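Novice: what follows is a protein structure lacking sequence information:
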């Protein structure tokens, strides 16, 4: 144990007033999303039927480096931000590593994860524009819980499509959404055309984020005064999450250190981008040598085994075509417990950054992720979300390298959420019943070949 | 929404270095615990076979006002303390009350409740004294989770007896304890004489804290190098919890206010005493007019309907006789979801304070507690523990009085823990399947009459 400071907080008046828009600083800008019917580059107006106008504008904004956080959203941030930056002395000791490990603890947000950062923004913009109802998809339920609460804050009704496998695996998250007053439906459902099509073709479909997105978009399109909101993938969602990295930057300064490597788990990219982009700014503009590592599940490896191409963001093909690393929009991920990482594609910004070698990716098997999560829980007392376990596993890999080299590297990772609602997964792990999922090259190739069929 | 500061934190160097021992300041000291065999006043040595020596000494210390927090415990506190003091603007708005409502948010501790404050201290003292194994009881599992993690921190093995009804209602808490490496047994069990006696007499016994305490004490007594630890009731546990109120005192000063009423939910009294005693010091020494309200469940009403007398702290009668408000040590509380409040007696300090009218008690029915919890969740985004819902309900009662009187009273309550592991209770509530439990005077009298049979 040490006498050194363990947690670093910012006073309320130092909580960021602007989000960081990395698109403005990127030398190679992301390629434009395309209208699938016309193959024309998307304009913000094309997104107005689905998203709030402000979210649509932010999505395609490649010029403004700093975007102001609306005052009512900042006021709500103050209820849980800054989140603590924590020096993981317990984990360092457990590993016996010379590395300095820090984590940004987003699990202390009221709903238990970083997702609230964007939910509040998206709900606020909807409210401002006269929208009354919002809809969305959710995997493990972290995003759905965040949106349900944010909708409640700004007086909106929320309807959430939850991926069926998670709806069944994690009934408590459904209850949380319902406690906040949201309507929750297991997806695929019979309540949308997209859901019916999927269920008639594959009666026992366990759902995926891609499917749930299709259902939510369909509801938004067919309901007056209803907008769709998204928990990751999109550039404006990642923009909102940069509050994490902006805080972490100031907090690392308080700790008197600067990270050599920044790590986030990777589903669609918003938590990863949120912690990394403010640091990456210094790499892009000043050539600062920092590594950025995305930790994705080995069973859903779009970054390490996917292909960079135009693809749909959802199963049914309702969305624009996005230039991204993808496993194909019909890829059905294995039923890993990290529901929030079961998504076929990566956001357009991170896809471009990976293409340009500004970041790296590592794939983590399910068992390794829980090995890491339990080690972390015993060392730090916090049960991490299965998603976050992937970031911890990658951080542990880096810390172990330091044992070999003797280097005192500074490792920063984002603890995106707690796993208190995921204890059934830990039960399975502790009882030896958790497995890895192998994914053959053939399956990957088959799904990627499907992309070529897009007209 | 307001621009005023919402959360108040203390810098690490202002986290209390000493706990506050109210016994030293009380004009009427608590009456002594008695050895049931000899009816002699207990000396610390009489407790050495069960507790760590330091805990035993603290238990009976009526002279030292301030007791130093050991440095390794303080270092561990820094991982989660200070906990935030929060101005509940959302709740004030939802109630439309002129009252200023604050809550101390102990739910952000790594294990999700205030229980860690004492678990770390008790585990540390055991370690210091060469103990290798610790054992305890737990109701809802908050205390068991805290002790399991604290044992891990200080390198001890932990064995936890969890009240059977909670073991079954809240399997996730069991998993949390197991993740930290503890052995968990549903109580009453066949592994102890006390458990066997209860199960042969009442085959379908659902367990109670009193029963689980008997089992844990028996294990400690019959195992070399094993000590018993307790999550509430005892004076040394409440002592450790005063870190809550000591912080809150400084934080209220940061907020520029002083509470007119301080509220805690009430099981054995440690969370209540923890938030109240540091404020009560000013009432005792300076005559400061502040009200202290204990919120107990209507189905386990030792403060409002119990009797002040000597009684056992456990079901089997293994403990010393304690002078307390009690419903009788054989009282079997109804299966409310607030497992941590299902206990027949009140600690000796709070019992004396209630007798001396230095505090008040209010009983809350189960449905009212969840009405309050859901209102709070929607307003503040935090799902409260069923136990904490009782404190919220009492705070809402006070805030509603202010609507009538127009007074801007300052209300402070302790949010002892979150309810994320208790979502099945919220499910029941939301689906209309949750009930109140009526408790007749006859049942209470019958159990109180049993006390008289103690030789």
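Specialist: Arrived safely. As the structure is a prediction and not an experimental result, all values here were calculated from the model. Residues are numbered from 1 along each chain as shown, chains lettered A, B, ... in the order given.

Novice: what about the helices in the stretch 1-150 of chain A?
Specialist: With helices called from DSSP state H, counting those that start in this stretch, the stretch 1-150 of chain A shows them at A:44-47, A:53-59, A:71-77, A:89-95, A:116-128, A:142-153.

Novice: which residues sit against the second one?
Specialist: Read it as helix A:53-59. Helix A:53-59 is contacted from outside by A:21, A:44-48, A:50-51, A:67, A:122, A:125, A:128-129, A:229, A:234-236, A:239, using CB atoms under 8 Å, 6 or more residues apart in numbering or on different chains. For glycine as for every other residue, the C-beta is placed from the backbone atoms N, C-alpha and C.

Novice: try it again with 10 Å
Specialist: A:19, A:21, A:23, A:33, A:42-52, A:64, A:67, A:70, A:118, A:121-122, A:124-126, A:128-129, A:131, A:227-230, A:234-240, A:320, A:348 (CB atoms under 10 Å, 6 or more residues apart in numbering or on different chains).

Novice: among the residues you listed, which ones are in strands?
Specialist: Counting by DSSP state E, the part of these found in strands is A:19, A:67, A:227, A:228.

Novice: please name the residues that touch the last one.
Specialist: For residue A:228, the contacting residues are A:47, A:49-52, A:55, A:122, A:126, A:134-137, A:213, A:216-221, A:318-319, by CB under 10 Å, 6+ apart.

Novice: how about it: what's its closest non-neighbour residue?
Specialist: Closest residue in space to residue A:228, ignoring its immediate chain neighbours: residue A:220 at 3.8 Å, by CB to CB, 6 or more residues apart in numbering or on different chains.

Novice: pretty sure the one you found contacts residue A:132?
Specialist: No - here residue A:220 does not reach residue A:132: they are 12.0 Å apart, not a contact under CB atoms under 10 Å.

Novice: picking up where we left off before, buried subset of the contacts of helix A:53-59, written for ChimeraX?
Specialist: The following ChimeraX line selects those of the contacts of helix A:53-59 that are buried, judged by 16 or more other CB atoms under 10 Å in any protein chain shown:
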select /A:19,21,23,33,42,44,46,47,50,51,52,67,118,121,122,124,125,126,131,227,228,229,230,234,235,236,237,238,239,240,320,348
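
Novice: please work out how many residues are found near the closest residue to residue A:289 other than its chain neighbours.
Specialist: Nearest non-adjacent residue to residue A:289, counting by CB to CB, 6+ apart: residue A:283, 7.4 Å away. Neighbours of residue A:283 under the rule other CB atoms under 10 Å in any protein chain shown: 18.

Novice: what helix or strand is residue A:244 located in?
Specialist: Assessed by DSSP states H and E, residue A:244 sits inside helix A:235-255.

Novice: next helix or strand past that helix?
Specialist: Using DSSP H and E, the helix or strand that follows helix A:235-255 towards the C-terminus is strand A:261-265.

Novice: packing partners for that next one?
Specialist: Applying 3 or more CB pairs under 10 Å, 6 or more residues apart in numbering or on different chains; DSSP states H and E, one finds that strand A:261-265 contacts strand A:100-105, helix A:235-255, helix A:270-286, strand A:291-297, strand A:360-364, helix A:386-405, strand A:410-415.

Novice: brilliant, that's me finished.
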